[in-house]
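> Fold the following and give me the result.
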Amino acid sequence: MNELILSFKEKMESAGEIAPTTIRQYVSEVGKFAKWFVIYNQEPFILENITPRDIASFKRQMVQEKKSPRSINTFVYAIKKFCRWAVEEGIMPDDPAAGIEPVTVEFIRDPKWLDRLEEHRFMREVEKERNSRNLAIVELMRQAGLRREEICQLRVPDLVYKDRVGEAHIRKGKGDKPRVVPLNKTVIDALKKYEEEYKPVDYYFYSQKSKPGKPDDRADDRPALAVSTINYIFDRYRERANIPHLTPHTLRHTCLKKLTDQGVPPAYIAYIAGHFTKSGEPNIRTQMIYTVPTLKDLQRHIDRLVEA
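Here you go, the predicted model:
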């Protein structure tokens, strides 16, 4: 079974259509389902023995365990892709997941972005720290919507700017698709402060550890900053600002949500976010999540009905 999941993983990686993080999630979800199948049915996990009832039962159990709609749908998308792959490879005679549908999310109960007060608290902690590197990373997410992995892979020539206008050239975004993201003055000011202090030469954000056999004081010999380092930075900010849902991706969502609220066309936002279809066109459908109201959004509009 492990060999089958590995083959499934390798197929997704070679296709280059799914982000590495999503691939890991899909592999994890299929693995969880396989373990559940063995325990629940008291038989080995053989692909041709999977039935629609098995998949529906596992999905129902997730609902009963009060898993979030996002978690449930991640499983649904993972198992559907896995079964389609198995059918295409001739491993399964038919697709037992074909009729399984994702759950409907009527509105977002737990916001995936920061509201104004949360963003204020968060940015105060960042500014109090007086760390130019961390500020530059934060602003690239908050003001330009860049992903962690994209930030870590930036090289010095990828960031081009003047006083108030700039560009970030993303060589390999989600689905291996490149794009150019505009930068505003807030980001540019943060980048200038960072460059004055850190003087990057190769990778724009580099590790404090040099490559093996290289001197420690040369920025050009240092590898790219690790994604885990950014995660660690945000772990600290989450605790200090007391914002449980704060993550690097939350900050990216905050940028895209604010653009949506400003009335920016969905196609523009999709391009900035790096959401593209297989043909390379901006994927407008992915932007619909930012138009779904939170409870705070609904409350704000209801409050406007109050008569003085």
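> ok, now how distant is residue 236 from residue 174?
Computed with C-beta to C-beta, to the nearest Å, the distance linking residue 236 and residue 174 is 27 Å. Every residue, glycine included, has its C-beta placed from N, CA and C.
> between the two, who's got more neighbours?
residue 174 (22 against 12; other C-beta atoms under 10 Å).
> And for the more buried one, nearest residue in space, chain neighbours not counted?
residue 19 (4.7 Å; C-beta to C-beta, 6 or more residues apart in numbering).
> Flag the shaky bits of the stretch 101-250 of the chain, pLDDT-wise.
105-111, 209-221 (pLDDT under 70).
> Show me where it has its helices.
116-129, 132-142, 148-152, 185-198, 227-241, 248-261 (DSSP state H, counting those that start in this stretch).
> Using a markdown table, lay out the ones you listed together with distance to residue 82.
What follows is these, written out as a markdown table (distance: least, C-beta to C-beta, whole Å):
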| stretch | distance to residue 82 |
| --- | --- |
| helix 116-129 | 37 |
| helix 132-142 | 32 |
| helix 148-152 | 24 |
| helix 185-198 | 40 |
| helix 227-241 | 26 |
| helix 248-261 | 24 |
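> among those helices, which is nearest residue 164?
helix 185-198 (4.7 Å; C-beta to C-beta).
> which other helices and strands contact the closest one?
Judged by 3 or more C-beta pairs under 8 Å, 6 or more residues apart in numbering; DSSP states H and E, helix 185-198 is in contact with helix 132-142, strand 159-161, strand 166-170.
> With mean neighbour count and distance to residue 120 as added columns, please give those in TSV.
As requested, those are arranged in TSV below (neighbours: other C-beta atoms under 10 Å; distance: least, C-beta to C-beta, whole Å):
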stretch	mean neighbour count	distance to residue 120
helix 132-142	23	12
strand 159-161	17	26
strand 166-170	18	25
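> Of those, which is nearest residue 53?
Distance to residue 53, taken as C-beta to C-beta, is lowest for helix 132-142 among the helices and strands packed on helix 185-198, at 43.0 Å.
> Put the alpha carbons of the closest one into CSV.
Listed next in CSV are the C-alpha coordinates belonging to helix 132-142 (Å, rounded to 0.1, in the frame of the first residue of the first chain):
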residue,chain,number,x,y,z
SER,A,132,14.2,44.5,9.4
ARG,A,133,14.3,41.0,8.0
ASN,A,134,11.1,39.9,9.6
LEU,A,135,9.4,43.2,8.7
ALA,A,136,10.3,42.7,5.0
ILE,A,137,9.0,39.2,5.0
VAL,A,138,5.8,40.2,6.7
GLU,A,139,5.2,43.1,4.3
LEU,A,140,5.7,40.9,1.2
MET,A,141,2.9,38.7,2.5
ARG,A,142,0.6,41.4,3.9
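> which residues touch it?
119, 123, 126-127, 129, 146, 148, 151, 168, 186-187, 190-191, 193-194, 196-198, 205, 230, 233, 248, 251-252, 254-255 (C-beta atoms under 8 Å, 6 or more residues apart in numbering).
> on that earlier part again, which of the helices and strands packed on helix 185-198 sits closest to residue 222?
Using C-beta to C-beta, these put helix 132-142 closest to residue 222, at 12.7 Å.
> what sits against residue 12?
18, 23, 26, 81.
> quick one: it and residue 2, what's the gap?
With C-beta to C-beta as the criterion, residue 12 and residue 2 are 16 Å apart.
> Over to residue 249?
Applying C-beta to C-beta to residue 249 and residue 2 gives a distance of 29 Å.
> okay, these two: which has more neighbours?
Counted by other C-beta under 10 Å, residue 249 and residue 2 do not tie: residue 249 has more neighbours, with 15 against 8.
> how far away is the more buried one from residue 255?
11 Å.
> likewise residue 156?
To residue 255, residue 156 is 23 Å away according to C-beta to C-beta.
> The two: which is more packed in?
More crowded of residue 156 and residue 255, by other C-beta under 10 Å: residue 255, with 23 against 16.
> in the host helix or strand of residue 300, what's buried?
Under the criterion of DSSP states H and E, residue 300 resides in helix 295-303. Residues of helix 295-303 classed as buried: residue 297 (neighbour count, 16 or more other C-beta atoms under 10 Å).
> Next: stretch 15-24.
So stretch 15-24, judged by 16+ other C-beta under 10 Å, has buried residues 17, 18, 19, 22, 23.
> And for stretch 258-268?
258, 259, 260, 266.
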